[in-house]
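> take a look and give me a structure for this.
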Amino acid sequence: MATTVDTLAAAFKSGFAGDVTVPGDPGYHAARAVWNGTVDARPALIAHCRDAADVVAAVNVSREGGAVVAVRAGGHSVSGFSSCDAGVVIDLRRMRDVDIDPDRRVATVGAGATWADFDAAAGRHGLATTGGLVSTTGVAGLTLGGGIGWLQRRYGLACDNLRGAQIVTAEGDLIEANDDLMWGLRGGGGNFGVVARFEFDLHPVSTVLGGMMLFPLERATQVLVAFREWAASAPDEATMLAAVNCAPPATFVPPELVGRPVLVLAGCLCGDPGTGAEVLAPLRGLEPVVDLFAPMAYPDLQRMLDAGAPRGQRNYFRAGFCADLSDDVIETVLEHGARLSSPLSQIHLHQMGGAVGRSGTDTSSFSGRDAGFTYNVIGTWLDPAEDDTHAAEVRRTCQALDPFSIAGRYVNFDAETGLTDVQSAYGEQIYTRLARLKRQYDPANLFRRNQNVRPAP
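Numbers count the residues shown, from 1 in each chain. Model prediction:
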């Protein structure tokens, strides 16, 4: 690796104006660390970009040097795509500016911004867009993979609100994405280049009715059946998440439930708070043991789940789509949720529909428009010796859910990255079009540290 490091360092010294970090530098280990603790990659060089010109230079030097390339924005990739061994990490975290045009309701966002950066800037103007469930997630990765979030049923996915993008191609060209490329960027991941700048539509969102309810697992079947009926007629303003997880040792949790599997309903009602309370009333009528729903600023809602997803824990996710919460889905989720192999693991059921199902079918490459729910089976643990145990339990749960699933998977939630996995995630029609775009913009597959689409022959 020393030769690789020396060669790349010399090339970057002459062709790159930004800072670089290499093994042996004081900040190397901090710079290479990513969110998922199972990822321990050791890149030969980390190129810290300040602007689009730095990105162009980093792409050119890496390509000419034959280096493996990884792109890091938020660094939340479950599969560890934001790092690599013995290659170059193009690090965008210094490109975090968020500019808000409140009159046009447009946000211009640097490629390294997190949703916390975005929400704070837009929130000062009473504006927002759909942006994930954890504020430390990067804007770039979440959007390019689709972008599930609290506002999705009213305003669509994050990718549906992406109105423009400036991208550096594999040949080092800095271009504004045309309609065809925008289709690929809205769900097709980082396959086509490094997006240096994003433009998003914004919507008037300030105070929302948000929070969570907690139920003992013994009542979970009754609650999920009632939730299914509620969700079937819920207005677009409501986006909810049902989850099975172990109750944390928080002050609001009854002591007898701490450490035990429970059912959680978490969500957002982004219309009038009074109307939201009426919509929420049937769920409150189920008499949760904890009810934390209250009016709150949208950026506060965005931070609500941050503590449950800290950096450094070991993670393995699998995901899928289902048409609805059938009795079989409920039974399977609760059967496996009752025996979570780690107290940190969870099973999530994200309510889809609304604007997600109505918009973006022709303008995006997201494959889950027909889903009633997206499930995410989350394996999380601390001890490296338990890696195989918890990953196997996640796979078993997803195998059990597979007979009740519809085609496609949400790529941001899926740790499996083989060719057949990616093809099945997108489906034949979307994958074929993505492969043609890949051939046009990255025929040599320089950008392959992603849910990789192979260039069409």
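> distance of the residue nearest to residue 85 when sequence neighbours are not counted relative to residue 11?
With sequence-adjacent residues excluded and distances taken as CB to CB, 6 or more residues apart in numbering, residue 85 is closest to residue 41, at 5.0 Å. In this view, the C-beta of every residue, glycine as well, is placed from N, C-alpha and C. With distances defined as CB to CB, to the nearest Å, the gap from residue 41 to residue 11 amounts to 20 Å.
> by mean pLDDT, flag the weakest helix or strand of this structure.
Across the helices and strands of the chain, mean pLDDT, DSSP states H and E gives its lowest value to helix 2-15, namely a mean of 88.
> how about the helices in the stretch 51-200 of the chain?
Along the stretch 51-200 of the chain, counting by DSSP state H, counting those that start in this stretch, helices occupy 52-64, 115-123, 139-144, 152-155, 179-185.
> pick the most buried one from those.
Using mean count of other CB atoms under 10 Å, the stretch among the helices of the stretch 51-200 of the chain with the largest mean neighbour count is helix 139-144, at a mean of 29.
> contacts for it, please.
By CB atoms under 8 Å, 6 or more residues apart in numbering, the list of residues contacting helix 139-144 from outside reads 73-74, 76-77, 82, 92, 109, 111-115, 117-118, 131-132, 149, 158-159, 162, 185-190, 195, 198, 412.
> residue 176 against residue 169, yeah?
No - look at residue 176 against residue 169 with CB atoms under 8 Å: they stay out of range, at 11.6 Å.
> of those two, who's got more company?
Legend: neighbour count by other CB atoms under 10 Å for residue 176 and residue 169, higher for residue 169 (19 against 12).
> how about that one, what does it touch?
Taking CB under 8 Å, 6+ apart as the definition of contact, the neighbours of residue 169 are 59, 175, 192, 193, 441, 442.
> need the phi and psi values for it.
With angles defined as degrees, to the nearest 10, residue 169 shows backbone torsions of phi -80, psi 170.
> coming back round to it: give me the distance from the least confident helix or strand of the chain to the chain's centre.
33 Å (CA atoms, centre = their mean, to the nearest Å).
> quick revisit: ok, of the contacts of residue 169, which come out buried?
Neighbour counting by 16 or more other CB atoms under 10 Å classes 59, 192, 193, 441, 442 among these as buried.
> how is the chain divided into domains?
The chain breaks down by automatic domain parsing into domains covering 2-91, 98-204, 207-413.
> quick one, which of the ones you listed is packed in tightest?
Per-residue neighbour counts averaged over each of the domains of the chain give the maximum for domain 98-204, namely a mean of 22 (mean count of other CB under 10 Å).
> what's the end-to-end length of that domain?
End-to-end distance of domain 98-204: 17 Å, with CA to CA, to the nearest Å as the criterion.
> picking that back up, now render the domains of the chain as a markdown table, adding distance to residue 453.
Formatted as a markdown table, the domains of the chain follow (distance: least, CB to CB, whole Å):
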| stretch | distance to residue 453 |
| --- | --- |
| domain 2-91 | 13 |
| domain 98-204 | 5 |
| domain 207-413 | 9 |
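> I'd like the next helix or strand past the helix or strand containing residue 300.
Secondary-structure assignment from DSSP states H and E places residue 300 in helix 298-302. With elements assigned by DSSP H and E, the helix or strand that comes after helix 298-302 is strand 314-322.
> just the C-alphas of that next one, formatted as CSV.
Only the C-alpha atoms of strand 314-322 are listed here, as CSV (Å, rounded to 0.1, in the frame of the first residue of the first chain):
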residue,chain,number,x,y,z
ARG,A,314,-22.4,-2.1,14.1
ASN,A,315,-25.3,-2.3,11.6
TYR,A,316,-26.7,-4.6,8.9
PHE,A,317,-30.0,-3.7,7.2
ARG,A,318,-32.3,-5.5,4.8
ALA,A,319,-35.5,-4.0,3.3
GLY,A,320,-38.5,-4.6,1.1
PHE,A,321,-41.9,-3.3,0.0
CYS,A,322,-45.3,-4.7,0.9
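> and that strand, how far out from the chain middle?
11 Å.
> quick check: which element contains residue 350?
Counting by DSSP H and E, the secondary-structure element that holds residue 350 is strand 346-351.
> that strand packs against which elements?
Counting contacts by 3 or more CB pairs under 8 Å, 6 or more residues apart in numbering; DSSP states H and E, the secondary-structure elements packed against strand 346-351 are strand 238-246, helix 327-337, strand 373-381.
> and if we set it to 10 Å?
Applying 3 or more CB pairs under 10 Å, 6 or more residues apart in numbering; DSSP states H and E, one finds that strand 346-351 makes contact with helix 152-155, helix 220-232, strand 238-246, strand 261-269, strand 314-322, helix 327-337, strand 373-381, helix 387-401.
> what does the helix or strand following it contact?
Helices and strands here follow DSSP H and E; after strand 346-351, the next one along the chain is helix 355-358. By CB atoms under 10 Å, 6 or more residues apart in numbering, the residues outside helix 355-358 that reach it are 130, 146, 148, 151-157, 160, 236, 239, 350, 366, 368-372, 374.
> switch the cut-off to 8 Å
152, 153, 154, 155, 156, 157, 160, 236, 368, 369, 370, 371.
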